[in-house]
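sequence and predicted structure below; questions after.
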Amino acid sequence: MSGYVVSFLLSPLGKALAAVLAVSVIAGGIYLYGHQRGAASVLQRLQSDRITILKDGRKIDEEALGADDTGLCALLGGCELPDGGDH
């Protein structure tokens with residue numbers, strides 16, 4: 001039985017199938033490597049964007065906490081008081 005396997009692997013068809021298998025394994029490895037690098041790049045970018053958002057949020061919070069009524073209205077994009085008066 002093992003004699004048939006060895007003779008098949010040494011035949012031209014066996015060599016061709018082994019070459020196709022080797023190329024498939026190499027191509028799969030290259031694909032996985034690229035996929036992992038791409039995923040790591042996206043995660044790094046998302047992390048840095050999150051840090052930027054947190055820093056901007058902290059800046060906005062500090063401005064809002066320090067603002068008076070008029071300043072708070074300006075931060076909200078302008079608002080009109082319900083009674084029409086100015087407080």
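All right, it came through fine. These numbers were taken from a predicted model, which means no experiment stands behind them.

give me phi/psi at G78?
The phi and psi values for G78, taken as degrees, to the nearest 10, are phi 90, psi 140.

that one and L72: what is the separation?
11 Å (Cβ to Cβ, to the nearest Å). (C-beta placed from N, C-alpha, C; glycine too.)

who has more neighbours out of these two?
Applying other Cβ atoms under 10 Å to G78 and L72 shows that L72 carries more neighbours, namely 14 against 7.

list the contacts for that one?
Neighbouring residues of L72 by Cβ atoms under 8 Å, 6 or more residues apart in numbering: A64.

pLDDT wise, what is it at?
In this model, L72 is scored at 76, pLDDT.

what helix or strand does it sit in?
helix 69-75 (DSSP states H and E).

does anything pack onto the one helix or strand E63 maps to? Which helices or strands?
For E63, the element it lies in under DSSP H and E is helix 12-66. Secondary-structure packing of helix 12-66 (3 or more Cβ pairs under 8 Å, 6 or more residues apart in numbering; DSSP states H and E): helix 2-10, helix 69-75.

quick one: that helix to chain centroid distance?
With Cα atoms, centre = their mean, to the nearest Å as the basis, helix 12-66 stands 6 Å off its chain's centre.

can you check what angle separates that helix from helix 2-10?
Calculated by axes from the mean of the first three to the mean of the last three Cα atoms, to 10 degrees, helix 12-66 forms an angle of 70 degrees with helix 2-10.

tell me the mean pLDDT for helix 12-66?
Here the average pLDDT along helix 12-66 is 83.

out of the helices and strands packed on helix 12-66, nearest to G34?
G34 lies closest to helix 2-10 among the helices and strands packed on helix 12-66, at 31.1 Å (Cβ to Cβ).

hmm, who's touching that closest one?
Here helix 2-10 has contacts from G14, K15, A18, using Cβ under 8 Å, 6+ apart.

need the residues you listed in a markdown table with neighbour count, can you?
Output for those, formatted as a markdown table (neighbours: other Cβ atoms under 10 Å):
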| residue | neighbour count |
| --- | --- |
| G14 | 14 |
| K15 | 12 |
| A18 | 12 |
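
lovely, talk soon.
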